[in-house]
Each structure stands twice: as C-alpha cells, then as structure tokens.
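>>> Make a model of this:
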Amino acid sequence: YLGPVTNINSSIDDCSTIDITWIAPTVDDRVSILYYILRIYDAVTGSLVDTVSVYDTSYQLVDNNLFIHRYTYVITGVNELGEGISNYNTFSYQRGTVNKNIILISQSLLHITIIHHLAQPIITT
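From the prediction side, this is the model:
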C-alpha cells in the first residue's frame, strides 16, 4: 500500500518556469518509493499535456505562455508493488500588471510633485 502525496503546491520561478512541489506519502520502511508519475493536464480542456517520471518531490515545468494556462497536476508514487493512490491539485497563473501600472503612475506623480516643489520660489519674511 502506498498512500497519496500531500500538499501539492505550485509557484512561478520566473515568467516561464513553474515550480511544482509535494510532500511524499508515509511509506513502509521495507518498500520505499522508486519515483513519481506526474501527469499534467490542461484544466480547461481536460487534455493530457505531458507525463513525466520524477525522482524527487519537485519538478520544474517550462511554459512560455504560463499566464494563459490553467493546469491540473496529478501525482502518483510508485514502489516495487506498483502505483499508489493519486492526488491532484489545480492552479492558474495571472500576471500582476495592474499593480505595476499603479506603482508606475504613483512614482510619476511623486516625481512631478517633487519637481513642482523644487521649482517654487522660497519666500521668507
């Protein structure tokens, strides 16, 4: 018996790399995990994107269009007795451009305000 992996997580490493991590299931000391099967599905269409064998509890997926995709990761541990119980999680990724634009606008206004204050004559009485 091989239980499911837990805590499947995903994060963006850069604008084209997704880090997928999970916690290994508890195993009997006599029968250790040989590897994991990671199946990557397009969560919108349900189609299988890729299947890979992974020998650790993490994997990096390269996707140059990751901000338009939604993925479901199905992970199954494999030992001498065969495949264990699968577990899955679904993630979508969004670009944070709105906040960047607000910050840029704020910085521009701050810059204009500073210049305006510097250009004002100093009046003393």
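
>>> could you check the distance from the closest residue to residue 11 other than its chain neighbours over to residue 91?
In space, and not counting its chain neighbours, residue 11 is closest to residue 19: 5.1 Å by C-beta to C-beta, 6 or more residues apart in numbering. Bear in mind the C-beta positions are built from the backbone N, C-alpha and C, glycine included. Distance from residue 19 to residue 91, counting by C-beta to C-beta, to the nearest Å: 11 Å.

>>> where exactly do the helices run in this structure?
Under the criterion DSSP state H, the chain contains helices at 97-119.

>>> low-confidence ranges in it?
Low-confidence segments of the chain, defined by pLDDT under 70: 29, 95-125.

>>> circling back to that earlier point, could you give the bridge partners of the residue nearest to residue 11?
Under DSSP bridges, the beta-bridge partners of residue 19 are residue 11, residue 60.

>>> you'd agree it is up against residue 58?
Yes - between residue 19 and residue 58 there is a contact under C-beta atoms under 8 Å: 6.6 Å.

>>> More neighbours: the two, which one.
residue 19 (14 against 11; other C-beta atoms under 10 Å).

>>> where along the protein do the strands fall?
Using DSSP state E, the strands of the chain run over 6-14, 17-23, 35-42, 48-54, 58-62, 70-79, 82-83, 87-92.

>>> Of the ones you listed, which stretch is the most buried?
Highest mean neighbour count of the strands of the chain: strand 70-79, a mean of 20 (counted as mean count of other C-beta atoms under 10 Å).

>>> what touches both of residue 19 and residue 91?
Here residue 19 and residue 91 have residue 10 as joint contacts, going by C-beta atoms under 8 Å, 6 or more residues apart in numbering.

>>> so what's residue 9 up against?
20, 21, 22, 89.

>>> Same check on residue 23?
5, 6, 7, 57.

>>> How much space separates the third one from residue 18?
Just to be clear, that refers to residue 7. 16 Å.
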